[in-house]
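Trainee: when you get a sec, could you give me coordinates for this:
(2 chains)
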Amino acid sequence: MLKVLKINRLIFATAFIFAICVDSFVYAQPVTVSGAFVLPPIIEDAKQSALEAQLACMRYVQMNVFEFEECINDRLNAKNLTSAERLGITYMGFVGALSGQRMGSQGSHRMSWEFAKKTQKIQKKLGLKDSDLCTIISGDCQMRIARAQLLLKQPAPASMTESDLAGVHKH
Amino acid sequence: MLNLRKPHLISIFLSFVLFGCGGGSSDTPETTQTVRLIAMNDFHGNIEVPAPTNGGSVVVKDASNPAGVTVNTGGASFMASLVKKLQSENPNNIFVGAGDLVYASPVTSTLFHQEPAIDVLNQMQLSLSSVGNHEFDLGKSELLRLQNGGCFPGGTIGTDTCLNNGLFGGAKFQYLAANVTDSSNKTILPATSIKDFSGVKVGFIGLPLKDTPTAVLPAGVAGLSFLDEATTINNYASQLRANGANAVVVLIHQGGATTATTINDKSCPNFSGDIVGIAKALSNDVDVVISGHTHQEYICTVNGKLLTSAGFYGSVLTSIDLTISNKSGVKSAVANNIPVINDTNKTLPAGLVALTKDGSMDSIVQNYVTKAAAVKNLTVGSITADIKRALLSGGGTPTRDETAEGAMGGVMADFMYAGVPKADFAITNPGGVRDDLIFSKANGVVTYGDLLTVAPFGNDLVTVDLTGAQIIRLLEQQWEALNCAAKNGPTTLNGCGRMLQVSSQLSYSWDFNQPQGAADGKGARVVVSSIRIGGVPIDLAKTYRIATVSFLGQGGDNFTVMQSGKNYVATGYKDIDAFVAYMKENPKLAPPSKRITRLN
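Mentor: Numbers count the residues shown, from 1 in each chain, chains lettered A, B, ... in the order given. Next up is the predicted model:
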């Protein structure tokens, strides 16, 4: 049984590394040094801050995204953040909101729009392309790019009104 | 058909990792069966179609649209159709749940003490489910009533409980609670179940999260212990194997989240959450973990175990095909999250079709909807005089004046304060006060339906922590630019703005001579020295806990200061339930006194 377990772990680890390499190759266009993939420092820093934001905040994505949003904003309010770190947190906010939107979670449309805007602002400041963001957080990045482009064309979602909730429950 | 990513790879991979975990004796001939598990979680009594903006939609891939497409989903009549379809494809099937099937539910289930939700799930032939934290909302005895049947204590038979021939038979499915023990160290419900599928045996273990006591009111779990999940599962999985199970499936009300953008993304990106640690600690006796609680959907593999979840409100079902040998256990596992596509979509991506309503289920649902209408006539309290909103006078039907304080708004804030433990005061948005209570309508008698017309939204009660300084900003937002633009009253009255309706614990004055419509953050109409909370002057540095409805707690109606508050907590209580309780506790309710004073 132990042998089977070790083989399992090997297969899993190999598949995992392969998936990361494919993502990196397709989306990040990283430079290579001595055959190893190396991410630009800005992306590396953003990736780290996104990971920390994910570990701290994704647990709050449940039913609605409001607690998740609060957690992300708390991290953005920290002092002395670099632009790269701010990018990572903001992008995590965007990706988390999209994740909520895939299940129709309350508030996720507004949050994804707001964080798409915020991400775009920092991205422009840092001179990064859409595809540069892909390695910050793994997932279906082409879909994310398409959704961001769609959102950025739309006007700001209205502040919630009574009618947003009127159809929630049938009386 | 959904565009599945790497299904063959997943299947081959799982074949590898799951191989060799089987039980079975050496002297019986080998039998291999494909068993279909149909799984759901976090239904929360959503027997009707949920709103697309609140759990009633999913984003799916679409070959012609790189951004994917949002599809409307959910509704028991449609879910029943999908369950039947999945069942018809393989006679070796079982429909299972992972908890929170009831409570925190829409009014049609709430009015009848969750009996409609249980009835609907019975009709869909749900077989097993773990309990979730919400199953404990009204305590162990009520959970056991939902399991075993009987009328709601204090209810009226035929009106709000035991609606079908004066009886409620309880769940035909079995709730499992492997880690919930009473003072005698016995589980309050069965821990496991073994099912035989044409010669292969599948063992099921069901349990809620061990942190359930932190998610429900203490009274609901008094005298109960919630044990460590992984330790409990491993103990029972070992027993199930010893009892001949060829596969072990865990139904657990605990979960995680991915950063996927569309449903059924089997790459399972960035999977995290409390379930990960639990899954990593599970022994090789366990093959599949069906999870819930986080209202997410995912199909992942952790520690060699297939780990799934199906979102919430009956929007998605997970279909898991396990090929199981009675000699070598699980040989392969293929899982898909399938949307319950209802008939409210105008268009659908190529390859997707809407389900047709299941006729018999639809009759059941509509029966409860009709009966809910009758319950609205139940007496819940009484008043001594009209309790009205602030109203604009003039010709025709009077309309509410959102720029002013009204008695009805004060009552609403009062019931929110009463319905939430440990709040300092309560507020509600004036637009949420939808009607008046009129004495002459029934000589002061107030019905459930009357309260529903006043508070029709089914909002959750929440608490948010704000500092004294933030509370002042919140009050200033009543008259700042956005709310002034949104609500323009006559200048002969209060001018523009949205006036928050406040409970009796908060009082203050504001100066009409100070400018209205100031830029966000620049308003200065509140007389700070006048603010009292619980009769004590406000402390700018102190943190206060505010009870309100989820709409306002999340910054609705431009009260964005609420978004900068801390410790947003959804209490799990509906505003209407707190309103009913308040009216029952305060018979002959009189219009409350004013809490807000206008200067000049």
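
Trainee: count of neighbours near B:A418?
Mentor: As a burial measure, B:A418 scores 18 neighbours (other C-beta atoms under 10 Å in any protein chain shown). Backbone N, C-alpha and C define where each C-beta goes, glycine included.

Trainee: cool, and B:S328?
Mentor: 17.

Trainee: next up, phi/psi of it, please.
Mentor: phi -120, psi 10 (degrees, to the nearest 10).

Trainee: roughly how far does it sit from chain A?
Mentor: Plainly put, B:S328 is 11 Å away from chain A if you go by C-beta to the nearest C-beta, to the nearest Å.

Trainee: lowest average confidence, helix or strand, in chain A?
Mentor: When the helices and strands of chain A are compared on mean pLDDT, DSSP states H and E, helix A:162-166 comes out lowest with a mean of 40.

Trainee: and what about the closest residue to B:K357 other than its chain neighbours, helix, strand or coil?
Mentor: Nearest residue to B:K357, sequence neighbours excluded (C-beta to C-beta, 6 or more residues apart in numbering or on different chains): B:S77, at 4.1 Å. At B:S77, secondary structure determined by DSSP: H, G, I helix; E, B strand; the rest coil is helix.

Trainee: can you get me a residue count around the residue of the stretch 151-300 of chain B found nearest chain A?
Mentor: Nearest residue of the stretch 151-300 of chain B to chain A, counting by C-beta to the nearest C-beta: B:P269, 3.6 Å away. A count of nearby residues for B:P269, using other C-beta under 10 Å, gives 20.

Trainee: equivalent analysis for B:K195, please.
Mentor: Neighbours of B:K195 (other C-beta under 10 Å): 17.

Trainee: which pLDDT value belongs to it?
Mentor: B:K195 carries a pLDDT value of 98.

Trainee: need the contact list for it.
Mentor: Contact partners of B:K195, counting by C-beta atoms under 8 Å, 6 or more residues apart in numbering or on different chains, are B:I94, B:S127, B:K201, B:V202, B:F204.

Trainee: so which bits of the host helix or strand of it are buried?
Mentor: According to DSSP states H and E, B:K195 maps onto strand B:192-197. Residues B:T192, B:S193, B:K195, B:F197 are the ones in strand B:192-197 that count as buried (16 or more other C-beta atoms under 10 Å in any protein chain shown).

Trainee: does the first one touch B:Q239 like I think?
Mentor: Meaning B:T192. Yes. Contact criterion C-beta atoms under 8 Å: B:T192 and B:Q239 qualify, at 7.2 Å.

Trainee: let me see the ranges of the helices in the stretch 351-500 of chain B.
Mentor: Along the stretch 351-500 of chain B, the stretches classed as helices by DSSP state H, counting those that start in this stretch are B:359-375, B:407-419, B:448-454, B:468-476, B:481-486.

Trainee: how about those helices, which one is nearest chain A?
Mentor: That would be helix B:448-454 among the helices of the stretch 351-500 of chain B, by C-beta to the nearest C-beta, at 5.4 Å.

Trainee: helices or strands up against that closest one?
Mentor: Secondary-structure packing of helix B:448-454 (3 or more C-beta pairs under 8 Å, 6 or more residues apart in numbering or on different chains; DSSP states H and E): helix B:575-585.

Trainee: now the helix it packs on: how far from the chain's centre is it?
Mentor: Distance, stretch centre to chain centre, for helix B:575-585: 20 Å (C-alpha atoms, centre = their mean, to the nearest Å).

Trainee: for it, buried residues please.
Mentor: In helix B:575-585, counting by 16+ other C-beta under 10 Å, buried: B:D575, B:I576, B:D577, B:A578, B:F579, B:V580, B:A581, B:Y582, B:M583.

Trainee: same list, those residues, but as JSON lines with pLDDT and distance to B:I233 please.
Mentor: Supplementary listing: the buried residues of helix B:575-585 in JSON lines, determined by pLDDT from 0 to 100; distance: C-beta to C-beta, whole Å:
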{"residue": "B:D575", "pLDDT": "90", "distance to B:I233": "38"}
{"residue": "B:I576", "pLDDT": "88", "distance to B:I233": "38"}
{"residue": "B:D577", "pLDDT": "87", "distance to B:I233": "34"}
{"residue": "B:A578", "pLDDT": "93", "distance to B:I233": "37"}
{"residue": "B:F579", "pLDDT": "96", "distance to B:I233": "41"}
{"residue": "B:V580", "pLDDT": "93", "distance to B:I233": "40"}
{"residue": "B:A581", "pLDDT": "93", "distance to B:I233": "38"}
{"residue": "B:Y582", "pLDDT": "96", "distance to B:I233": "42"}
{"residue": "B:M583", "pLDDT": "97", "distance to B:I233": "45"}
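
Trainee: ranges for the strands of the stretch 101-250 of chain B?
Mentor: Secondary structure of the stretch 101-250 of chain B (DSSP state E, counting those that start in this stretch): strands at B:126-130, B:174-176, B:180-181, B:192-197, B:200-208, B:225-226, B:247-253.

Trainee: so which of those strands is nearest B:P430?
Mentor: Closest approach to B:P430 among the strands of the stretch 101-250 of chain B (C-beta to C-beta): strand B:247-253, 38.2 Å.

Trainee: what is the closest one packed up against?
Mentor: Using 3+ C-beta pairs under 8 Å, 6+ apart: strand B:247-253 touches strand B:32-40, strand B:93-97, strand B:126-130, strand B:200-208, helix B:229-242, strand B:288-290.

Trainee: does B:F579 touch B:F457 like I think?
Mentor: No. Counting by C-beta under 8 Å, B:F579 stays clear of B:F457, with 11.4 Å between them.
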